[in-house]
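Chemist: dropping the sequence and predicted coords here.
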Amino acid sequence: MNISIGMDRVNEDIDNAVNNLVRKGVVVVVAAGNSGQNGMGSPATAKDAITVGATLSTPSSMIATLKINDAKFEAIPMLGSAIDGDESIIRGELVYTNFATARDVNGLDLKGKIVLAERGGPVQIVNGVERREVVYFSDKERNVSSKGAIALIVYNNEPGLFYGTLIHDNNSSDYRPSIPVVSISREDGLRIKEMLDKGVVSSIELRIFSKPDLVASFSSKGPASPFYIKPDLVAPGAGINSTSLNGSYAMNTGTSFAAPHVSAAAALLLQKHPDLRPEEVASLLITTAEPITDIYDEPYPLDSAGSGRLAVDKALSAEFVALPHTLMFYLNPGEDAKVSKSITLRALEPYRFDDSSNGSNSILVQWQGKVDDDGVDVDTEVQIVSERNAIIHVTVSTLKASGDGSRYEGRLIVRSSNGPTILSIPMSIYINPVSIHAKNSDGMLLLSLDGREGWKSARVKVTDPVSMKSRLVTLTPDSRSAGIPVINKGEYWIDASVITDSGMLKALSTVEVNSVGNGVVLVESQSLPIREIFILMGFVGMVVVIALVLSRRHGHDDAIDGSYAISNDTRYGSSDADNPIVHAKEGQDVHKDIEYELESPSTDTKMDGVGGDVNVGSMERIANHEGVDDVEMDKMRGGKKDDREGKDYDGGDGKVDSSTGN
């Protein structure tokens, strides 16, 4: 099952419906969503779903890094920029030229210089009405390059990032861009301008190069929970050529176009190994994914890229499968504190394990991480149980006398000594600032807290592994322990919020329950999950109805959408509030899958919202990530995007970009 719909928050019923379908043997692949740093909602947050983020897709996907002094800024090359080969590195003096109009650069000598300019144009009075002068990005490029400039940096005239292009129908037929042009956010642009005004810019380097395996800025990031990793992996999701309306094709972007890659890979795995369980399909896809790095060649956090980019060939050639496919460790501070967990390996036909140390099919395990220098150690031991089964015992320990809530990430690399299989198992290690203890005894989960001096109380949430229902208990210095009856077997999650004199501290733990009491069963029967299926059917039905209504209201959207931009119409230049082709309520988030069109935008057409002006009143505000007639969501979780990282295609602040394409 491939799901490319989502909502702006976590819904327990939706997530449980997905989890129950997986338990019944259904492989469920879910698009992570297109809300960048704003996070993800259901069903992408379902623990047992395979949640897929998006990467840039092709070697022609150009990216940029911008360094001024020691500061790093996020920059996006404009479509059509003149790039010298596969990589361009530009250094020179940085100058500011206002809007880079012909008047702004008149009389200037820009030879060998890098120009900073604001998007758009100056305000003019026309027949008593204020309007911004139309200045296309191509106009800016032509104006500064004619004066000898070697590169142009355009910062936004409203919050957030944007994508632009120098190629459009309003250019003269003989126009050819001659220098690199990049866009940056308004926040970064104003910061750089302030540095120029203060005379503190000592060096600048603009690098433009190709690197397709980058996480797309719009791809929704985690964490979804402190007890598992989301997204699980990423796949190509930018500039995907896919079917469209009326028997045509269109270039589309979004995690909805990344998830089907993974769904197809899952189908291939099941064709080759029909006996695979859903969790094994997920494991093969996740543990064989290719780890990827950001534009500065630093490994992505697991909450951004999961295990890495889908590698179908490696998944199909794997000789054994590992469960679980990720490991999460929670350690209490103190001398020689340690936690042990295990990974089970199952050989896939016709592979057999060899228990000799130098055997042809022996298993080699290596830890890749940076924890040793911080007083945290990872030890592994391989146990061959049979020709078809093996166990990897993993022990994480710390000598830290006190914890600070540090989180460490790494990978356990598992390979066959004489074969193609290399599994990369993501690991996360969290050192608690206070010690939380949990153990199972006679059908009871016993909890206790050893808090540091000055703690006042602790609110402890215990989550059942089957029903995903939680129970709360409160601990105090006078009552440091409590017991909770357990109903289901499995790994329970312990999440303690500890109030101290200096603020709130977080302590996390898990406990494996193998014996339960005879209390009232809190979970529903594990027969066919009819209720969950109806929940998903209702969810999908709402999307379909809304999409049909909106398609009738805005059937002409694709005719006027001329965008290769964050917001659908920013290819050519400034944001003109007087001539918007996109207009939406202030604060409305637009994270639709962008459809790439190379048509000139209309400057006299006005419409309410790309894909519809949506105000879904139910608790489940739905976003259709399909790229045609998308349902736009309100800002996820009410948070404002970070000013620097993970910008979405909505201008970066959750508001619709109202450019007229100039």
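Modeler: It's in.
Chemist: and the pLDDT at the spatially closest residue to V511 that is not a sequence neighbour?
Modeler: Spatially, and ignoring its direct neighbours in sequence, V511 is nearest to A438 (4.3 Å; C-beta to C-beta, 6 or more residues apart in numbering). C-betas here are computed from N, CA, C, even on glycine. Looking at A438, its pLDDT is 90.
Chemist: can you tell me the element A438 falls in?
Modeler: strand 435-441 (DSSP states H and E).
Chemist: okay, now the sheet partners of that strand, with direction.
Modeler: The strands beside strand 435-441 in its sheet (DSSP bridges) come out as strand 444-450 (antiparallel).
Chemist: tell me the centre residue of the protein?
Modeler: Taking C-alpha atoms, centre = their mean as the criterion, K221 is the residue nearest the geometric centre of the chain, at 3.0 Å.
Chemist: OK, contacts around the nearest residue to that residue once chain neighbours are set aside?
Modeler: Spatial nearest neighbour of K221, excluding adjacent residues (C-beta to C-beta, 6+ apart): S304 at 5.1 Å. With contact set as C-beta atoms under 8 Å, 6 or more residues apart in numbering, S304 has these partners: 53, 215, 219, 221-222, 646.
Chemist: of those residues, which is the most crowded?
Modeler: Among the contacts of S304, the one with the most neighbours (other C-beta atoms under 10 Å) is G53, at 33 neighbours.
Chemist: after the helix or strand hosting it, next one along is what?
Modeler: Assessed by DSSP H and E, G53 sits inside strand 50-55. As assigned by DSSP H and E, the chain's next helix or strand after strand 50-55 is strand 62-68.
Chemist: so what strands line up beside that following strand?
Modeler: If you go by DSSP bridges, strand 62-68 pairs up with strand 71-77 (antiparallel), strand 204-210 (antiparallel).
Chemist: and the first one, how far out from the chain's middle?
Modeler: Pointing back at strand 71-77 there. 19 Å (C-alpha atoms, centre = their mean, to the nearest Å).
Chemist: how about that strand: buried residues?
Modeler: Neighbour-count burial for strand 71-77 flags 73-77 (criterion: 16 or more other C-beta atoms under 10 Å).
Chemist: before we move on, back to that, so which of the strands paired with strand 62-68 is nearest S146?
Modeler: Shortest distance between S146 and the strands paired with strand 62-68, using C-beta to C-beta, is found for strand 204-210: 19.5 Å.
Chemist: just how off-centre is the closest one within its chain?
Modeler: Its chain's average C-alpha position is 24 Å from that of strand 204-210, according to C-alpha atoms, centre = their mean.
Chemist: equivalent analysis for stretch 183-196, please.
Modeler: That offset, for stretch 183-196, works out to 25 Å (C-alpha atoms, centre = their mean).
Chemist: pull the residues that contact it.
Modeler: Stretch 183-196 is contacted from outside by 66, 68-69, 73-76, 78, 94-96, 116, 118-119, 153-164, 201, 643-644, 647, 652, using C-beta under 8 Å, 6+ apart.
Chemist: list only buried entries from those.
Modeler: 66, 68, 73-76, 78, 94-96, 116, 118-119, 153-164, 201, 643-644, 647, 652.
Chemist: outline the domain layout of the chain.
Modeler: Recorded structural domains for the chain (assignment: automatic domain parsing) are 1-58+232-275+533-662, 62-210, 324-354+364-410+421-516.
Chemist: first-to-last residue distance for the last one?
Modeler: Domain 324-354+364-410+421-516 has an end-to-end distance of 22 Å (criterion: C-alpha to C-alpha, to the nearest Å).
Chemist: what segments of the stretch 1-150 of the chain are strands?
Modeler: 2-3, 5-7, 29-31, 50-55, 62-68, 71-77, 87-91, 93-96, 113-118, 123-126, 129-132 (DSSP state E, counting those that start in this stretch).
Chemist: can I get these in a markdown table including mean pLDDT and distance to A250?
Modeler: Converted to a markdown table, those look like this (pLDDT from 0 to 100; distance: least, C-beta to C-beta, whole Å):
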| stretch | mean pLDDT | distance to A250 |
| --- | --- | --- |
| strand 2-3 | 96 | 19 |
| strand 5-7 | 86 | 20 |
| strand 29-31 | 98 | 18 |
| strand 50-55 | 97 | 17 |
| strand 62-68 | 90 | 21 |
| strand 71-77 | 92 | 22 |
| strand 87-91 | 90 | 30 |
| strand 93-96 | 97 | 39 |
| strand 113-118 | 98 | 32 |
| strand 123-126 | 86 | 36 |
| strand 129-132 | 88 | 31 |
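Chemist: quick check: which of those is nearest to K489?
Modeler: Per C-beta to C-beta, nearest to K489 of the strands of the stretch 1-150 of the chain: strand 50-55, 24.0 Å.
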